[in-house]
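Engineer: fold the following.
(2 chains)
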Protein chains: 2
Amino acid sequence: MLQAALKAGTAERRSVFEVFTRRLPEGRRYGVVAGTGRVLDAVENFRFDADVLGFLREGGIVDDETLDWLASYRFSGDIWGYPEGEVYFPGSPIMRVEGSFAECVLLETVILSILNHDSAIAAAASRMSSAAGERPLIEMGARRTHELAAVAAARAAYVGGFTTTSDLAAGFRYGIPTVGTSAHAFTLLHDHERDAFQAQVNSLGRGTTLLVDTYDVTEAVRTAVEVAGPELGAVRIDSGDLLLVAYRVRQQLDELGATDTRIIVTSDLDEYAIASLAAAPVDAYGVGTQLVTGSGHPTCSMVYKLVARAESADLKAPLVPVAKKSSGGKTSIGGRKWAARRLDEYGIAEAEVVGTGAVPGELVDRQLLVELVKAGEVVAREPLDVVRDRHAAARANLPLSATQLSRGEPVIPTEYVHGRSGS
Amino acid sequence: MLQAALKAGTAERRSVFEVFTRRLPEGRRYGVVAGTGRVLDAVENFRFDADVLGFLREGGIVDDETLDWLASYRFSGDIWGYPEGEVYFPGSPIMRVEGSFAECVLLETVILSILNHDSAIAAAASRMSSAAGERPLIEMGARRTHELAAVAAARAAYVGGFTTTSDLAAGFRYGIPTVGTSAHAFTLLHDHERDAFQAQVNSLGRGTTLLVDTYDVTEAVRTAVEVAGPELGAVRIDSGDLLLVAYRVRQQLDELGATDTRIIVTSDLDEYAIASLAAAPVDAYGVGTQLVTGSGHPTCSMVYKLVARAESADLKAPLVPVAKKSSGGKTSIGGRKWAARRLDEYGIAEAEVVGTGAVPGELVDRQLLVELVKAGEVVAREPLDVVRDRHAAARANLPLSATQLSRGEPVIPTEYVHGRSGS
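Structural biologist: All right, here's what the predicted structure looks like:
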């Protein structure tokens, strides 16, 4: 596309691309924007080095004119978008990329990859954190997904409300608080379970978390308290009927005087399993597989579509709305869009309003898109805790039914407003 | 675990870890081992640099003794495994890692991440390539998964039988053949569809693939042949009822004399959609979302378990089989295992035989595990085409029902043989 547009003289036409999704994953009531911060890093670093240019040249993949153009590539346009952590709905213009066709079209894959992945994980995390209430959630899914997707997943989980991660690489890269527990292998390494517990307490102190389901849970809990005393930090249960076992272990710990020892459960948890343990004496949840695979929805169907373009690079040339029009679905609405969230009299969201042209006066202060990149420079970096807090606030401002786990429709409708001026 | 074992003096105990899965994803008839080559790269490069050690030190995550140990970390043990591309079944010891507890336990996450991800994609790819028969499959899923998971997914798809990828980074990294098509944005960029087609043909020649469903398919096909002539390489259809549209487009192309122009279909294809198009005049399939998300099963449930350990680092100390034993599932079989595939009189697989101790004489030549790493050195690098061919051969050696798309049981049973000697 790039090569053909360069040759045809259309590559420099001023263009507007938008990221949106036509629908939420089936049954989901809201989406969560995540990955924006990673997109900003990726756009800033998007370059073609000598090795890559050599590959493109030797494979005959693009012509010399295109190679020259790629060698000096640097995105110089503007990006606006929903701030990271915000919720979104079908049709929400989650990100808007403006510049020449050529510089914008090259970013499609990296922008969609990041947003589709991270938003899928954050949406699952958000549901799990609703289900967990005040109890902490530990991200433990690194083994279940691609080794670097795992690091991004830990970040997205934190945005969605998780408390900590067991992925040290995510702690290193993003400053997310890390925790660790021991595995069955550590117990099996030692001659007796007691030796393993003693080794762990000797090294990590009485506040550590002991894994108690390698052999017999009741015996392990007794041994654990004998070794660590009632100051034992926590026990972890990783198999069996978690509801039943948690009650028994709580009773046993209390009888042994370890009333402050916490119970951490792990074992293929998802938001439904977490909710089903709400009444159980559980103090924290560790979640792996179902988190990093988006709890049934590992991607978000976000697309990156050209919605308007001018006939030249001239900023004064009018933008012409464009859209795919063939039958068979996949149509979209042309024109550069704004978005705002309309609130009811109690301050709760009642509609996602998406439009072209002028923003109605009553929605001017409710606009969702913020400036992220200006003339190629990132202008909106922010700490991950700000993003995490924003998500919690955005979710709290949705109608209560947003956090129902059952399948349903988007919790607020998307309304379209077509303005007269398309500029 | 590492810190506690170092302090307890158990870190150096000779240990055997195995990777296996307790079950296949629901309804699947075989699994595909993929990612082995990436595991070898990861093991070879597994180091702790100054930045990472600084993070671990400043966060108080491990003590000084552990930091010193990590600073000089280099895996020096042995790894055996199923060769990449082989099929596997529940209980197959897909990989076996031997060395000190400390050096082996550190590799759990990276090994499982790679194998769980890549094998999930390869399994989906294998089913799709069965469904596609002789027709080529193009991997087009980069936008639907994490930006680097996408590159690994393209590799795994190629192992599973895909022909090409649209992910240039996968071509650069792994030498997988790349192809590209244009998007609706390219058509929309131009004033008229004809201008877009002309621009593409001018740049890429008549053999290019034109996207014909931006406006009206019938008009687009007419325009495409007018612009490129009957030498037009292919048209791509990305929406609508693909079966119906493919027939109409074929008829129209033939009437226009473009009898050699191929038809490529894309649009949320999975193995079932591919199979349903078997009788349609389709020449190639492009697959995205369903491929990179494992067609409903984005991970494989592979685990990494300590199955045997000695009481010291001494190679002569006997290995003691170990296994988790508590109730509630997740039990496993202790002991270092071999595996072999028993064939029937026609040379077709009839059982996956997994055992400890001596290998029965009739299975000695049918053993599945090969040496991958010897005393820390990778000894089994191989070209990706060898892996791809191995998968095709392994699949062809399964009973015919392996390639049925319907849900079912593993196509051959796993049998366990317990030998007397556990060494």
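
Engineer: what about chain A, any weak spots by pLDDT?
Structural biologist: A:326-331, A:420-423 (pLDDT under 70).

Engineer: domain parsing for it?
Structural biologist: A:2-121+A:299-317+A:372-414, A:181-281 (automatic domain parsing).

Engineer: buried sites along stretch A:374-394?
Structural biologist: A:380, A:384, A:387, A:388, A:390, A:391, A:394 (16 or more other Cβ atoms under 10 Å in any protein chain shown). (Each C-beta comes from the backbone N, C-alpha and C, glycine too.)

Engineer: wait, doesn't the fifth one sit right on residue A:85?
Structural biologist: Yes - assessed by Cβ atoms under 8 Å, residue A:390 is found in contact with residue A:85 at 3.7 Å.

Engineer: on that earlier part again, and the buried residues of stretch A:374-394, which of them are in helices?
Structural biologist: Per DSSP state H, helices hold the following members of the buried residues of stretch A:374-394: A:384, A:387, A:388, A:390, A:391, A:394.

Engineer: that older thread, quick one: which of the buried residues of stretch A:374-394 is nearest residue A:167?
Structural biologist: Distance to residue A:167 across those (Cβ to Cβ) is lowest for residue A:384, with 14.1 Å.

Engineer: give me every residue that touches that closest one.
Structural biologist: A:37, A:155, A:158, A:159, A:174, A:175, A:176 (Cβ atoms under 8 Å, 6 or more residues apart in numbering or on different chains).

Engineer: mind redoing it with 10 Å?
Structural biologist: Contacts for residue A:384 (Cβ atoms under 10 Å, 6 or more residues apart in numbering or on different chains) come out as A:37, A:84, A:85, A:155, A:158, A:159, A:174, A:175, A:176.

Engineer: only the buried subset of those, as a ChimeraX command please.
Structural biologist: Of those, the buried ones go into a single ChimeraX selection, burial set by 16+ other Cβ under 10 Å:
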select /A:37,84,85,155,158,159,174,176
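
Engineer: so which of the contacts of residue A:384 sit within helices?
Structural biologist: Using DSSP H, those in helices are A:37, A:155, A:158, A:159, A:174.

Engineer: report the two of those residues separated the most.
Structural biologist: A:37 and A:158 (11.4 Å).

Engineer: what residues are shared contacts of these two?
Structural biologist: Common neighbours of residue A:37 and residue A:158 (Cβ under 10 Å, 6+ apart) are A:174, A:384, A:387.

Engineer: so how far is residue A:169 from the second one?
Structural biologist: Using Cβ to Cβ, to the nearest Å, one obtains 15 Å as the distance from residue A:384 to residue A:169.

Engineer: equivalent analysis for residue A:402, please.
Structural biologist: For residue A:402, the distance to residue A:169 (Cβ to Cβ) stands at 32 Å.

Engineer: so these two - more neighbours on which side?
Structural biologist: residue A:402 (23 against 20; other Cβ atoms under 10 Å in any protein chain shown).

Engineer: does the more buried one count as helix, strand or coil?
Structural biologist: Per DSSP: H, G, I helix; E, B strand; the rest coil, the local secondary structure of residue A:402 is helix.

Engineer: export stretch A:210-227 as CSV, just CAs?
Structural biologist: The C-alpha coordinates for stretch A:210-227 follow below in CSV (Å, rounded to 0.1, in the frame of the first residue of the first chain):
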residue,chain,number,x,y,z
LEU,A,210,3.2,-21.7,52.6
LEU,A,211,1.7,-24.0,50.0
VAL,A,212,-0.3,-26.6,51.9
ASP,A,213,-1.8,-29.0,49.3
THR,A,214,1.1,-31.1,48.2
TYR,A,215,0.2,-34.1,50.3
ASP,A,216,-2.5,-33.8,53.0
VAL,A,217,-3.9,-30.3,53.6
THR,A,218,-4.8,-30.8,57.3
GLU,A,219,-1.5,-32.2,58.2
ALA,A,220,0.3,-29.5,56.1
VAL,A,221,-1.6,-26.7,57.9
ARG,A,222,-0.7,-28.2,61.3
THR,A,223,3.0,-28.5,60.3
ALA,A,224,2.9,-25.0,58.9
VAL,A,225,1.8,-23.4,62.1
GLU,A,226,4.2,-25.6,64.1
VAL,A,227,7.0,-24.3,62.0
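
Engineer: buried residues in it?
Structural biologist: A:210-215, A:217, A:220-225, A:227.

Engineer: report the contact partners of the residue lying closest to residue A:257 once chain neighbours are set aside.
Structural biologist: Distances taken as Cβ to Cβ, 6 or more residues apart in numbering or on different chains place residue A:230 nearest to residue A:257, at 4.5 Å, with adjacent residues excluded. Residue A:230 is in contact with A:206, A:253, A:256, A:257, A:258, A:259, A:260, A:261, counting by Cβ under 10 Å, 6+ apart.

Engineer: just residue A:164 next, same as before
Structural biologist: A:136-140, A:154, A:157-158, A:170-171, A:176-180, A:284, A:286.

Engineer: sorry, back to before: residue B:412: which of the contacts of residue A:384 is nearest?
Structural biologist: residue A:155 (41.3 Å).

Engineer: where's that closest one relative to residue B:182, distance?
Structural biologist: Residue A:155 is 33 Å from residue B:182, by Cβ to Cβ.

Engineer: what about stretch A:206-216, start to end distance?
Structural biologist: 21 Å (Cα to Cα, to the nearest Å).

Engineer: just confirm yes or no for that stretch near chain B.
Structural biologist: Yes - with Cβ under 10 Å from any Cβ of the partner chain as the criterion, chain B is reached by stretch A:206-216 at A:208, A:211, A:212, A:213, A:214, A:215, A:216.

Engineer: which single residue in the stretch 151-300 of chain A comes nearest to chain B?
Structural biologist: residue A:240 (2.7 Å; Cβ to the nearest Cβ).

Engineer: hmm, residue A:213 and that residue touching each other?
Structural biologist: Yes - assessed by Cβ atoms under 10 Å, residue A:240 is found in contact with residue A:213 at 6.7 Å.

Engineer: need the contacts of residue A:230 in TSV with neighbour count and secondary structure, can you?
Structural biologist: Formatted as TSV, these follow (neighbours: other Cβ atoms under 10 Å in any protein chain shown; DSSP: H, G, I helix; E, B strand; the rest coil):
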residue	neighbour count	secondary structure
A:206	13	coil
A:253	24	helix
A:256	17	coil
A:257	11	coil
A:258	23	coil
A:259	10	coil
A:260	13	coil
A:261	27	coil
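
Engineer: for these, which one is nearest residue A:358?
Structural biologist: residue A:260 (60.0 Å).
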